[in-house]
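**Q** Sequence first, predicted coordinates after that:
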Amino acid sequence: MIPPAALWGQVQLAMQQGRLDVAQAGAEQILRVAPRHPGALHILGVICLQRRQMAEALRWLKKASQADQRNAMIWATLGYACFESAAFRDAVEAFRKAASLDQRAHPALHGLGKSLQALGRHQEAAGALGRAMALDPRNPDYANDRGVALMESGMHAEAIMDFDAVLALAPGFFGAFLNKGLALKKLGDARAALAALDQAITLNPSYAPAHSNRAAILLDLEEFAQALTAAGRATALAPNFAEAWNNNGLAQLALEQPDAALESFRRAAELDPANAAAHYNAAGVHWQCGDYALAVEAYRLCLRAAPQHLMALNDLGLAEAARGNHLAALECYDGALRLVPDFAEAQFNKSLTCLLLGDLTEGWRLWEARKRKKIPVGFQDFGLPLWTGAQDISGRRILLHWEQGFGDTIQFIRYAPLVQAKGANVALMVQPELAPLIRRVMPDIQVVDEVPSDATLQCPLMSLPRALDTSLQNIPKSPLWTADKARRQLWRARLGEAGKPRIGVSWRGNPKQINDRHRSMTLRDILTVFDRSADWFGIQKGMPEIDYAFLSEAPGLRVFDDEIKDFEDTAALVAEMDLVISVCTSFAHLAGSIGQECWVMLPFNPDWRWLLARQDRPWYASVRLFRQPRISDWAGVMDEMRTALHARFG
């Protein structure tokens with residue numbers, strides 16, 4: 001029998017020579033004589049670690065650490081085994097023990113930093129890695145890993161200093177260039193980030209994540225064709241790399257290739273079902289294409305992968321609302337607000353749903369979030385205190401000002417006389433295009449072009465309903481305007497004798513409006529209502545070429561485009577009609593303000609002001625509503641309208 005001490009020397013030599021089987025046999029022989037021999041236990045743990053037999057490695061190393069609790073090397077090896085087994089909390093404890101036993105054990109500090117990093121404790125990780133760097137300042141791995149920890153802590157400038165230190169030590173260190181590029185991207189220096197990634201790719205052109213990250217930066221720079229090339233290179237190198245497919249889809253979407261983008265997002269999601277971004281982006285494409293059921297499904301998959309994805313909750317609400325599921329939409333917005341109570345996007349969208357459902361009190365309250373959105377909705381701020389309805393305004397000069405579209409101004413301008421009735425000296429600022437009309441029809445209100453120097457308060461027109469506690473029961477009536485007599489005479493002469501009922505039609509709104517693709521239609525969509533029992537007039541400015549192509553198919557339709565110079569012309573022309581038919585545009589608001597009979601054609605998910613399940617509208621007595629029975633079903637609206645026209649005119 002060879003004594004354990006002599007056998008131990010042979011085991012160590014076998015390990016140095018890489019003869020693992022011999023070392024294992026020797027260590028096992030030692031343990032038969034000395035079961036708590038820490039060296040033999042440690043050797044068996046190292047052998048299992050090298051063979052990736054992780055459970056066995058942990059078993060032997062834990063026995064070794066119990067046999068010799070003061071051995072820093074054993075604790076460090078146990079730390080590595082725990083780290084490789086993804087037991088990061090156990091790894092932290094083992095590395096801490098090793099570092100406490102040997103103050104110079106910089107590898108243990110490095111392992112501690114990496115383990116803390118894996119647990120998301122980035123600042124603690126940076127501290128441990130900094131101590132390792134102090135002990136071994138020329139080790140580029142330590143500086144690179146601390147740079148990553150700093151980057152994850154949001155300290156991007158400091159991280160770049162570490163990556164530069166790495167490159168000073170090792171100019172060909174691929175990972176430092178890669179990480180520096182990511183840090184520079186976070187700092188918003190896209191060009192410098194691109195240069196760093198290009199250097200990384202020069203060192204290792206077959207590393208797919210570098211090409212994928214390059215694509216992401218090119219997307220930020222809006223260089224979409226190059227981004228698509230970079231993402232394509234990444235997917236060619238790594239066909240199963242989900243992130244690269246996601247970036248590929250983003251580039252395709254930016255290049256107006258929605259079908260190809262959707263296929264890329266689907267591929268990313270199939271490769272990595274937990275990739276929330278891929279599901280979210282796929283949902284966005286479905287949304288843009290009007291496939292709301294598929295959008296809902298994709299948003300729910302995103303939330304399954306990332307339950308606290310704030311924008312997915314918000315956008316799921318929008319998709320549910322688009323399908324008419326307004327209560328489900330409210331649940332989504334409330335879910336987002338539970339995560340972030342002051343999340344302006346969800347507050348604003350919830351306000352629209354509340355208003356649509358007739359809950360005006362809550363709707364007006366949340367409506368104020370429009371001012372805090374990432375892209376504020378039409379809000380202007382003239383540096384004056386906001387009148388909320390609580391302050392006494394008697395004798396004070398207050399600026400009431402427009403903030404969104406022409407129709408919004410026309411609808412809410414009715415509140416100006418109510419503010420004036422409270423004793424305020426009102427200065428009203430409206431869009432220049434509306435100012436001449438408003439000055440004429442509201443002579444008791446001063447319409448201004450600039451902020452008066454004596455104004456002490458301000459209030460946007462669309463905040464007045466809240467300030468004046470408007471509910472469905474007390475919506476103020478709009479004072480009936482009149483069209484200018486001289487303009488009416490000009491249009492009467494231009495129209496000629498009225499042998500048949502005159503019907504004015506507007507089928508398109510401003511194409512820049514966010515919901516225009518749903519509220520507007522083409523001339524072709526409305527052709528079926530035109531017949532020869534009436535004289536039809538297109539009160540439509542800026543008619544696109546696609547509509548002119550169908551003009552010959554509209555019997556008796558006479559279009560006024562460039563002949564309509566301003567809102568005074570529009571008001572005069574509307575007043576000469578027996579009926580006007582419109583989609584949801586300023587034209588409908590103007591007709592309602594004049595008191596002209598107006599039929600408004602609404603999409604399935606209408607603008608909030610039209611409410612739900614009613615044909616009348618509390619804001620205008622002369623308006624009748626025709627609603628799509630299903631999403632995008634203008635044909636159903638035309639059927640109902642033909643019946644109504646026959647009943648109205650015979």
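**A** Right, received. Where do you want to start? Numbering: from 1, shown residues only.

**Q** going forward, measure contacts between C-alpha atoms and count neighbours the same way
**A** OK.

**Q** any low-confidence regions in the protein?
**A** 1-2, 4, 616 (pLDDT under 70).

**Q** other SSEs contacting the biggest strand by length in it?
**A** For the chain, the longest strand by residue count, based on DSSP state E, is strand 620-627. Here strand 620-627 touches helix 586-594, strand 598-602, strand 616-617, helix 634-649, going by 3 or more Cα pairs under 8 Å, 6 or more residues apart in numbering; DSSP states H and E.

**Q** can I get these in JSON lines with mean neighbour count?
**A** Below are the helices and strands packed on strand 620-627 laid out as JSON lines (neighbours: other Cα atoms under 10 Å):
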{"stretch": "helix 586-594", "mean neighbour count": "24"}
{"stretch": "strand 598-602", "mean neighbour count": "25"}
{"stretch": "strand 616-617", "mean neighbour count": "17"}
{"stretch": "helix 634-649", "mean neighbour count": "14"}
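
**Q** before we move on, back to that, listing partners with orientation, what would you give for the longest strand of the chain?
**A** strand 598-602 (parallel), strand 616-617 (antiparallel) (DSSP bridges).

**Q** So what's the gap between the first one and the chain middle?
**A** It stands for strand 598-602. Distance of strand 598-602 from the chain centroid (Cα atoms, centre = their mean, to the nearest Å) equals 32 Å.

**Q** Just the angle for that strand relative to helix 634-649, thanks.
**A** 170 degrees (axes from the mean of the first three to the mean of the last three Cα atoms, to 10 degrees).

**Q** what is the orientation angle of strand 598-602 with helix 586-594?
**A** 150 degrees.

**Q** C-alpha coordinates for strand 598-602, PDB please?
**A** Provided in PDB are the C-alpha atoms of strand 598-602 (Å, rounded to 0.1, in the frame of the first residue of the first chain):
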ATOM      1  CA  CYS A 598     -75.700  66.500 -41.500                       C
ATOM      2  CA  TRP A 599     -75.300  62.700 -41.700                       C
ATOM      3  CA  VAL A 600     -71.900  61.500 -40.400                       C
ATOM      4  CA  MET A 601     -70.400  58.200 -41.500                       C
ATOM      5  CA  LEU A 602     -68.400  56.600 -38.800                       C
END
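
**Q** and for it, what are the contacting residues?
**A** 519, 579-584, 588, 591-592, 622-628, 637 (Cα atoms under 8 Å, 6 or more residues apart in numbering).

**Q** Apply 6 Å and report the result again.
**A** L579, V580, I581, S582, V583, V623, R624, L625, F626, R627 (Cα atoms under 6 Å, 6 or more residues apart in numbering).

**Q** and of the residues you listed, the nearest to M641?
**A** F626 (7.3 Å; Cα to Cα).

**Q** Tell me where the stretch 51-200 of the chain has helices.
**A** Secondary structure of the stretch 51-200 of the chain (DSSP state H, counting those that start in this stretch): helices at 54-67, 72-84, 88-101, 106-118, 122-135, 140-152, 156-169, 174-186, 190-203.

**Q** would you turn those helices into CSV with distance to R487?
**A** As requested, these are arranged in CSV below (distance: least, Cα to Cα, whole Å):
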stretch, distance to R487
helix 54-67, 90
helix 72-84, 83
helix 88-101, 81
helix 106-118, 75
helix 122-135, 72
helix 140-152, 67
helix 156-169, 65
helix 174-186, 59
helix 190-203, 57
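
**Q** Among those, which comes closest to P3?
**A** That would be helix 54-67 among the helices of the stretch 51-200 of the chain, by Cα to Cα, at 19.6 Å.

**Q** tell me which residues of the closest one are tucked away?
**A** M54, E56, A57, L58, W60, L61, K62, K63, A64, S65, A67 (16 or more other Cα atoms under 10 Å).

**Q** just stretch 413-432 next, same as before
**A** Neighbour counts over stretch 413-432 (16+ other Cα under 10 Å) mark 413-416, 419-420, 424-431 as buried.

**Q** Please apply the same query to stretch 450-459.
**A** V451, A455, T456, L457, Q458, C459.

**Q** hang on, the earlier thing: top of the contacts of strand 598-602 by neighbour count?
**A** Tallying neighbours with other Cα atoms under 10 Å puts V580 at the head of the contacts of strand 598-602, with 27 neighbours.

**Q** which phi and psi does that one have?
**A** phi -120, psi 140 (degrees, to the nearest 10).

**Q** tally of neighbours for T229?
**A** If we define neighbours as other Cα under 10 Å, then T229 has 17 of them.

**Q** ok, now how distant is it from W245?
**A** As judged by Cα to Cα, to the nearest Å, T229 and W245 stand 12 Å apart.

**Q** Also V92?
**A** 35 Å.

**Q** need the strands for the stretch 401-550 of the chain, in chain order.
**A** 425-429, 446-447, 457-460, 502-506, 535-539 (DSSP state E, counting those that start in this stretch).

**Q** Check what contacts the second one and list those residues.
**A** Translated: strand 446-447. Counting by Cα under 6 Å, 6+ apart, A427, L428, M429 sit against strand 446-447.

**Q** Name the strands paired with it and say parallel or antiparallel.
**A** strand 425-429 (parallel).

**Q** C-terminal to the helix or strand hosting A319, what's the next element?
**A** In this assignment (DSSP states H and E), A319 forms part of helix 310-322. Counting by DSSP H and E, the next helix or strand C-terminal to helix 310-322 is helix 326-339.

**Q** can you give me the angle that following helix makes with helix 310-322?
**A** Using the same axes, to 10 degrees: helix 326-339 against helix 310-322 is 160 degrees.

**Q** buried residues in helix 326-339?
**A** H326, A328, A329, L330, E331, C332, Y333, D334, G335, A336, L337.

**Q** cool, stretch 147-154 as well?
**A** G147, V148, A149, L150, M151, E152, S153, G154.

**Q** picking that back up, for E545, find the nearest of the helices of the stretch 51-200 of the chain.
**A** helix 190-203 (40.4 Å).

**Q** one step back: ok, which of the strands of the stretch 401-550 of the chain comes nearest V46?
**A** Of the strands of the stretch 401-550 of the chain, the one closest to V46 (Cα to Cα) turns out to be strand 457-460, at 72.6 Å.

**Q** So which elements touch the closest one?
**A** On a contact count with 3 or more Cα pairs under 6 Å, 6 or more residues apart in numbering; DSSP states H and E, strand 457-460 meets strand 397-401.

**Q** Let me have the strands paired with strand 620-627 in JSON lines, extended by distance to F174.
**A** Below are these laid out as JSON lines (distance: least, Cα to Cα, whole Å):
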{"stretch": "strand 598-602", "distance to F174": "58"}
{"stretch": "strand 616-617", "distance to F174": "66"}
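
**Q** Looking at the ones you listed, which is nearest to A276?
**A** strand 598-602 (34.6 Å).

**Q** From S351, how far off is the spatially most central residue of the chain?
**A** The residue lying closest to the centre of the chain (Cα atoms, centre = their mean) is M311, at 5.3 Å. Look at M311 and S351: by Cα to Cα, they are 17 Å apart.

**Q** what do you get for G120?
**A** Distance from G120 to S351, counting by Cα to Cα: 37 Å.

**Q** For these two, indicate the residue with more neighbours.
**A** When G120 and S351 are compared for neighbours, S351 comes out ahead with 27 against 14, by other Cα under 10 Å.

**Q** Quick check: closest non-adjacent residue to the more buried one.
**A** Nearest residue to S351, sequence neighbours excluded (Cα to Cα, 6 or more residues apart in numbering): G363, at 4.2 Å.
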